[in-house]
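S.K.: the sequence isn't on hand, but the structure is:
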């Protein structure tokens with residue numbers, strides 16, 4: 001089997017590449033966009049470069065011809081390339097739309113052209129936005145509150161339409177705030193951990209009462225493996241636990257035995273108030289079960305962070 005991972009040098013993508021190399025050949029496509037330090041992404045895949053089953057292609061999903069050429073012999077596409085970040089999407093909505101919506105459209109066109117077995121699309125809990133009820137199930141209304149959330153919802157619709165029009169097998173996995181080794185440096189758990197280990201002040205945007213469902217990376221990889229053979233349409237892939245941002249900071253302070261103090265600043269536009277996943281559908285159809293909870297995931301992450309030689 002041959003697998004292609006878009007955004008394969010990123011946080012989630014690099015973990016997928018690592019797992020898929022146990023199954024067959026892997027093509028990692030990444031543009032090394034400077035949204036955050038490209039050297040972090042290169043470090044993510046450094047240990048893969050000598051593996052004969054791994055191929056790195058530096059390129060962009062907005063390059064349609066490149067995709068058509070790359071997809072020729074590919075069996076499965078894991079589409080994780082995206083312009084991530086709610087906050088940056090507020091400042092630069094056009095880039096989020098271009099990469100996340102148009103880029104996904106390009107991926108789907110190339111997949112149809114080459115006869116790919118299935119496209120596993122990385123979506124987001126940001127497609128829900130405004131809360132009508134909790135936890136979110138897949139029937140919850142989609143009212144995104146950021147351009148990022150809107151762009152990921154458009155990508156989901158393109159996946160559905162290509163399935164209906166072209167019989168292309170697609171699935172969209174709605175990730176709920178993923179964390180773990182190699183996570184993006186701009187995410188809260190990474191920032192809080194860095195500050196806590198230095199006993200520095202931890203800043204929370206808002207009053208700390210916003211809640212999130214955090215999902216450890218191993219659970220995400222497991223869901224993707226199941227999604228190759230099962231499921232169609234959208235699925236929640238979360239940890240199933242709900243914790244406030246204040247509680248999250250307090251947990252990290254406790255794990256690191258930190259003396260950090262917590263301060264509060266103004267809320268950021270576009271941030272969802274709450275997220276919480278109902279994974280019943282994924283459990284039933286995909287056999288997904290989040291095996292690593294928040295506390296264990298945080299412990300593992302802090303341990304990795306301390307041992308890491310390239311974050312700081």
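M.R.: Sure thing, it's come through. This structure is a prediction, so every number in the text was calculated from the model and none was measured.
S.K.: shaky segments in the protein?
M.R.: Applying pLDDT under 70 to the chain flags the ranges 309-312.
S.K.: in the helix of greatest length in it, what's buried?
M.R.: Ranked by residue count and defined by DSSP state H, the top helix of the chain is helix 147-166. Buried residues in helix 147-166, counted by 16 or more other C-beta atoms under 10 Å: 147-156, 158-159, 162-163. (Glycine included, C-beta is placed from N, CA and C.)
S.K.: got CSV for these, with distance to residue 304 too?
M.R.: Listed next are these as CSV, based on distance: C-beta to C-beta, whole Å:
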residue, distance to residue 304
147, 32
148, 27
149, 29
150, 33
151, 30
152, 27
153, 32
154, 34
155, 30
156, 31
158, 35
159, 33
162, 37
163, 37
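S.K.: farthest-apart pair in those residues, please.
M.R.: Among the buried residues of helix 147-166, the pair separated by the greatest distance (C-beta to C-beta) is 147 and 163, at 24.9 Å.
S.K.: in this structure, which spans are strands?
M.R.: 2-6, 25-30, 54-58, 76-79, 118-124, 169-175, 178-179, 202-205, 211-212, 215-216, 233-237, 243-244, 262-265 (DSSP state E).
S.K.: save those strands as TSV, and put in distance to residue 99 and mean neighbour count too.
M.R.: What follows is those, written out as TSV (distance: least, C-beta to C-beta, whole Å; neighbours: other C-beta atoms under 10 Å):
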stretch	distance to residue 99	mean neighbour count
strand 2-6	10	26
strand 25-30	12	24
strand 54-58	16	16
strand 76-79	11	26
strand 118-124	12	25
strand 169-175	16	25
strand 178-179	18	26
strand 202-205	24	18
strand 211-212	24	23
strand 215-216	22	26
strand 233-237	20	24
strand 243-244	30	16
strand 262-265	29	12
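S.K.: of all these, which one is nearest residue 306?
M.R.: Among the strands of the chain, strand 178-179 comes nearest to residue 306, with 15.6 Å by C-beta to C-beta.
S.K.: count of neighbours near residue 22?
M.R.: Residues near residue 22, counting by other C-beta atoms under 10 Å, number 9.
S.K.: how about the contacts made by it?
M.R.: By C-beta atoms under 8 Å, 6 or more residues apart in numbering, no residues touch residue 22.
S.K.: how does it look with 10 Å?
M.R.: Going by C-beta atoms under 10 Å, 6 or more residues apart in numbering, residue 22 touches 53, 225.
S.K.: next: residue 181.
M.R.: Contacts of residue 181 (C-beta under 10 Å, 6+ apart): 11, 14-15, 44, 216-218, 300-301, 303-305, 307-308, 311.
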